[in-house]
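Asker: How does the following fold in three dimensions:
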Amino acid sequence: MRGISFLAIVISLSTFSLSAQDKQQPVKSKGNCSCGFQSLLQVGLLEGASGPSWSLQTVNGIYYKSWFAGIGGGLDYYTMRTIPLFLDVRKELFRKTRTPFLYADAGIHFDWLKAKEKPGWGKSEYDRGFYYDAGFGYKLGFANRDAILLSLGYTMKRLREERVVTIQCTQPPCDPSTDYYKYKFSRLSLKIGWQFR
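Answerer: Numbering: from 1, shown residues only. Predicted structure coming up:
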């Protein structure tokens, strides 16, 4: 809960500091093309049934007018630490320095479990799981094309574990027991980020 309060204060201060910019200027293009390279850095608060956790993301790609598409990666600390790798698509609703936007991410993630997250018995292997995140946000832009991004979305990640356990038996050879576990983590995501071109 303290994490949510801290993020809410940061968002409020960011919004207040940019309220002095009265004029909303259209985004200017470089040369004859309204396109170019763009990067995003984001930190997020994930809230779900297992409580709050954090995420970090970086996305790099190409923008064209009010559209953006890029490849992203990061760290997802919710319940089990994973590394998402995804395609990010965004649409700004207005071509201005301040505008609402929609976004959608889809991809896979890889396990990178801490020692305390691993089972205490048997040997486990994890499949690459499916990952998605979709939501809306608001861009608070500066004259130099940089911007602060605030967003709220719904995100989900899945994992599948294959756990092999050696069973004690009285007459060898003893066949190991294989169990399968499926994990599905649904969360709300509140993110603040920095966009630069």
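Asker: Give the rounded mean pLDDT of stretch 40-54.
Answerer: Rounded to a whole number, the mean pLDDT of stretch 40-54 is 97.
Asker: for stretch 94-105, that is, sorry about that
Answerer: In the prediction, stretch 94-105 has an average pLDDT of 96.
Asker: quick one, helices of the chain?
Answerer: 2-18 (DSSP state H).
Asker: State the distance from W67 to L152.
Answerer: 21 Å (CB to CB, to the nearest Å). Using the backbone N, CA and C atoms, a C-beta is placed for each residue, glycine as well.
Asker: got it, and F110?
Answerer: Relative to L152, and taking CB to CB, F110 is found at 26 Å.
Asker: how about H109, what does it touch?
Answerer: By CB atoms under 8 Å, 6 or more residues apart in numbering, the contact set of H109 is D76, T82, I83, P84, L85, R128, G129, Y131, K157, L159.
Asker: low-scoring stretches of this structure, by residue?
Answerer: For the chain, applying pLDDT under 70 flags the ranges 1-32, 120-121.
Asker: tell me, what residue is most central in it?
Answerer: Nearest to the geometric centre of the chain sits Q57, at 5.6 Å (CA atoms, centre = their mean).
Asker: hang on, that one packs against Q42?
Answerer: Yes: Q57 is within contact range of Q42, at 4.5 Å (criterion: CB atoms under 8 Å).
Asker: Name the residues contacting each of these two.
Answerer: G74, K191, G193.
Asker: Tell me the one of these nearest G141?
Answerer: G193 (12.6 Å; CB to CB).
Asker: Count the neighbours of the closest one for me.
Answerer: Residue crowding around G193 was assessed by other CB atoms under 10 Å; the count is 19.
Asker: I'd like the distance between the closest residue to it other than its chain neighbours and W67.
Answerer: Of all residues not flanking G193 in the chain, Q42 sits nearest, at 3.4 Å (CB to CB, 6 or more residues apart in numbering). For Q42, the distance to W67 (CB to CB) stands at 19 Å.
Asker: Pick out whichever of those two has more residues nearby.
Answerer: Q42 (20 against 13).
Asker: The residue nearest to G193 contacts L75, doesn't it?
Answerer: No: in this structure, Q42 is not within contact of L75 by CB under 8 Å, at 11.2 Å.
Asker: Quickly list what's touching both of those two.
Answerer: Joint contacts of Q42 and L75 (CB under 8 Å, 6+ apart) are S55, L56.
Asker: circling back: and the residue nearest to the centre of the chain, what are its bridge partners?
Answerer: Q42, G74 (DSSP bridges).
Asker: Show the contacting residues for it.
Answerer: Q57 neighbours (CB under 8 Å, 6+ apart): L40, L41, Q42, V43, G44, G72, G73, G74, P84, K191, G193.
Asker: Could you provide these in JSON lines, with additional columns for distance to Y63?
Answerer: Shown next, in JSON lines, are those (distance: CB to CB, whole Å):
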{"residue": "L40", "distance to Y63": "11"}
{"residue": "L41", "distance to Y63": "16"}
{"residue": "Q42", "distance to Y63": "16"}
{"residue": "V43", "distance to Y63": "21"}
{"residue": "G44", "distance to Y63": "21"}
{"residue": "G72", "distance to Y63": "14"}
{"residue": "G73", "distance to Y63": "19"}
{"residue": "G74", "distance to Y63": "20"}
{"residue": "P84", "distance to Y63": "21"}
{"residue": "K191", "distance to Y63": "18"}
{"residue": "G193", "distance to Y63": "15"}
